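[1] sharing a model that was predicted from the sequence below.
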Amino acid sequence: MALIKYYGFMDYYEVLTSCTDCYACEEVCPVYGVTELYSPNHKIKIALKLLNAEIPSNEEIEDIYACMRCGACEQRCSQKIQIAEIVRLSRKKIADMGLMPDTHRKIIENIQDKGISLNRERTERNNWIENDNISLNLNAKYVYLTGCFASVMNSNIAKSTAKIFDEANVDFTVLGDKEVCCGVFALDNGMDEVVIESVKKNINVINSIGSKDVIVACPACYKIYARLYNHLVDRYNINVKSIIDVIHYLVDEDRIKIKNSSFLTVSIHKSCNISDDQYNSVIDTIKKIPKVELVNLKNNVCCGAASGVRPKFPAISIEIGSKTLEDATNLGVDILITTCPFCNFQFNDVKKRKKYDIRVADFTEFISELIRS
Ligand code: SF4
Ligand code: SF4
């Protein structure tokens, strides 16, 4: 089963040659914005060469990997060229030629061999679990998939979510080290077979628990599962929900009692992986909290970490991450609320490196701290 509809040769050629060289995409590309290199437009020219089976130069390979697949360029393109998808297909061709960069190959090996996208051990997924009763509970109604970053890199996100579930009497279980990475990084690199294998492994564990309802912590994981949604529903009768939608529902239904906070101003960072509906759910939830003022960021740009940019181009990644922190700091907000555990990790890291005086909190952390005890 292909996760993505591949273009036929002529369709793809027509897409690539429909570019009018207007360069509007450059104006919004975060990577081009900080480097004046690695233009989205160049990526299309490189894809044309790859289509003709030409071996790319080292500079051209760099160009294809200097991309978070954030999709900002696509929204600007009058020809509606799916540049992020072209990057993905180009990476697949480069990998097939044996030219994938080591940074990327290592992460994919981690996903395949260890079931975790990080240079960490999968058993570390258990470390945040304080109550053994929530592990692999065969009677639980919901399975909470924590993903790599909420369970290992900032496990306070998983702990905060568990606190929210407890408050709202959500009967849930976690898979601990039986959960494997969703494989979104492999999707970014056109390696669908790795994604499908990862999802199958998680489905097998979920099936062994017997639950049909899955809540995912990370919007990238959600994207993977949502893409497979029809397939999952048909074959396994599994329902997949994002933690954002679940929290929105719980606050709406008054199942979480919010305490009076001191006056706070916050901005929300929209992860590239959340939908407009999910973003609106976060806004709607925040607006219901007394004494919290929401201030819109001037520019909502990608955190700068995704799709291998952070390990391969650390300086570029930090510079892009700084844009949002700079924006929020200039707006004078107390907290930058993140909507993705990976973005949260990136902004906390950039904040430390560049000494920004602002708090970064995941949506789950922010809500859990407001629970009346
Ligand atoms: S997907 Fe994002 S990072 Fe990649 S070329 Fe487009 S705007 Fe730039
Ligand atoms: S905006 Fe679209 S048409 Fe214009 S240069 Fe970029 S890819 Fe080509």
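    Structure's in. What do you need? Numbers count the residues shown, from 1 in each chain. Ligands and ions are numbered 1, 2, ... in the order given.
[2] pLDDT weak spots in the stretch 251-373 of the chain?
    Applying pLDDT under 70 to the stretch 251-373 of the chain flags the ranges 373.
[3] can you rerun that using 90?
    257-262, 299, 372-373 (pLDDT under 90).
[4] strands along this structure, start to end?
    142-145, 172-174, 213-216, 239-242, 264-268, 292-294, 335-338, 359-362 (DSSP state E).
[5] what would those strands look like in TSV with mean neighbour count and distance to residue 278?
    Where C-beta positions appear, they are placed from N, C-alpha and C, glycine not excepted. Shown next, in TSV, are the strands of the chain (neighbours: other CB atoms under 10 Å; distance: least, CB to CB, whole Å):
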stretch	mean neighbour count	distance to residue 278
strand 142-145	24	16
strand 172-174	22	20
strand 213-216	21	12
strand 239-242	19	6
strand 264-268	20	11
strand 292-294	17	16
strand 335-338	24	13
strand 359-362	23	14
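[6] to ligand 2, which of those strands lies closest?
    Between ligand 2 and the strands of the chain, the tightest spacing by CB to the nearest ligand atom is seen for strand 264-268, at 27.4 Å.
[7] residues in contact with that closest one?
    The contact list for strand 264-268 (CB atoms under 8 Å, 6 or more residues apart in numbering) reads 279, 282-283, 286, 291-297, 327-328, 331-337, 339, 363, 366.
[8] make TSV out of the strands of the chain and add distance to ligand 1.
    Formatted as TSV, the strands of the chain follow (distance: least, CB to the nearest ligand atom, whole Å):
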stretch	distance to ligand 1
strand 142-145	26
strand 172-174	33
strand 213-216	23
strand 239-242	22
strand 264-268	20
strand 292-294	26
strand 335-338	18
strand 359-362	22
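[9] can I see the domain layout of the chain?
    9-98, 104-248, 255-369 (automatic domain parsing).
[10] span of stretch 56-72 from start to end?
    25 Å (CA to CA, to the nearest Å).
[11] how far out from the middle of the chain is it?
    How far stretch 56-72 lies from its chain's middle: 19 Å, per CA atoms, centre = their mean, to the nearest Å.
[12] could you list the buried residues of that stretch?
    Buried residues in stretch 56-72, counted by 16 or more other CB atoms under 10 Å: 56, 60-61, 63-72.
[13] in helices only, show me those residues.
    By the criterion of DSSP state H, membership of the buried residues of stretch 56-72 in helices covers 60, 61, 63, 64, 65, 72.
[14] let me know the closest of those to ligand 1.
    Checking these against ligand 1 with CB to the nearest ligand atom, the nearest one is residue 72 at 3.9 Å.
[15] skipping adjacent residues, who's closest to the spatially most central residue of the chain in space?
    Centroid check for the chain by CA atoms, centre = their mean gives residue 220 as the closest residue, at 3.5 Å. Take residue 220 and drop its neighbours on the chain: the residue closest to it by CB to CB, 6 or more residues apart in numbering is residue 184, 4.2 Å away.
[16] read off the pLDDT value for the one you found.
    What the model reports for residue 184 is a pLDDT of 93.
[17] then the one 3 residues further on?
    With respect to pLDDT, residue 187 has a value of 93.
[18] wait, it sits on residue 88?
    Yes. The criterion here is CB atoms under 8 Å, and residue 187 meets it with residue 88 at 7.4 Å.
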